[in-house]
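> sequence? don't have it. structure:
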């Protein structure tokens, strides 16, 4: 999956990878909520699209859950068996200066 430059949001990619970085070193399900994006305005469809992008580009192992619950307290996206890859760690370190 590729994004036209005007549609890809590096801030969303950063938050997705950073949350995965702060989980245990074993694969686990990660839910992404609006609060995970530090007051940024994000749409559910954008988060899901960017999550699929980081999975397809090898930054994150896992798969996007088919359906997520609806409602105000429902996650924007869920990654099943998520685990940050070496490539994902390098992107965080090189692009976002996070170790």
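Good, I have the coordinates. Quantities reported herein were computed from a predicted structural model and do not represent experimental measurements.
> now the strands for this structure?
Ranges of strands in the chain, per DSSP state E, are 28-32, 60-64, 77-84.
> Go through those and name the closest to residue 20.
Ranking the strands of the chain by proximity to residue 20 (CB to CB) places strand 77-84 first, at 4.3 Å. (Each C-beta comes from the backbone N, C-alpha and C, glycine too.)
> List the buried residues in the closest one.
Judged by neighbour count using 16 or more other CB atoms under 10 Å, the buried positions of strand 77-84 are 77-79, 82-84.
> hang on, the earlier thing: now render the strands of the chain as JSON lines, adding distance to residue 92.
Below are the strands of the chain laid out as JSON lines (distance: least, CB to CB, whole Å):
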{"stretch": "strand 28-32", "distance to residue 92": "15"}
{"stretch": "strand 60-64", "distance to residue 92": "11"}
{"stretch": "strand 77-84", "distance to residue 92": "8"}
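> For residue 48, find the nearest of those strands.
Across the strands of the chain, residue 48 has its closest neighbour in strand 77-84 (4.7 Å, CB to CB).
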